[in-house]
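Student: how would this look folded up:
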Amino acid sequence: MLIFKLAAAALVAVVLCLALKKDQPAFAFLVSVGAAAGLLLAAARQVEPLVAWLQTLDASLPGQGIGCLLRVLGIVLVAQLAADVCREGGLLAAATAAELCGRVLALLQALPLLQQLFDAYAGYLQ
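Tutor: Residues are numbered from 1 along each chain as shown. The predicted structure follows:
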């Protein structure tokens, strides 16, 4: 039932943004960012049990695979949020730059995992 509450909050934010956009575009932008932050906080609280389970799984598996994937996921989500906020503000070039930076940082964070994968594949071939 939480999804209905979140959808209602998003709908209220959209109506407020549309009402404010013509006369007060700065306030419309602030309402949009505030609504996005509130929805993200609500979603983050729902993800906590999943993250806790993944951390217990990470402790039982060798290597750093799960932790690496969680860091990559975090980077991607933050980069996407930054790009969406930039797009909402009309800064398309900044949005593209935020997405590119997120992709590069995610790839850099995943390099140890890729190295483990290639090492395992090379060991299999020999």
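Student: Just give the closest residue to residue 66, not the sequence neighbours.
Tutor: Counting by C-beta to C-beta, 6 or more residues apart in numbering, residue 58 is the residue found nearest to residue 66 once chain neighbours are left out, at 3.7 Å. Placement of C-beta: from N, CA and C, glycine included.
Student: Show me what the strand or helix carrying the one you found packs onto, helices and strands only.
Tutor: Assessed by DSSP states H and E, residue 58 sits inside helix 25-60. Applying 3 or more C-beta pairs under 8 Å, 6 or more residues apart in numbering; DSSP states H and E, one finds that helix 25-60 makes contact with helix 2-21, helix 65-88.
Student: Return the residues in contact with residue 99.
Tutor: 79, 80, 83 (C-beta atoms under 8 Å, 6 or more residues apart in numbering).
Student: again, but for residue 39
Tutor: 6, 9, 10.
Student: Next, format the residues you listed as CSV and append pLDDT, neighbour count and distance to residue 19.
Tutor: Below are these laid out as CSV (pLDDT from 0 to 100; neighbours: other C-beta atoms under 10 Å; distance: C-beta to C-beta, whole Å):
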residue, pLDDT, neighbour count, distance to residue 19
6, 87, 15, 21
9, 89, 14, 16
10, 89, 14, 15
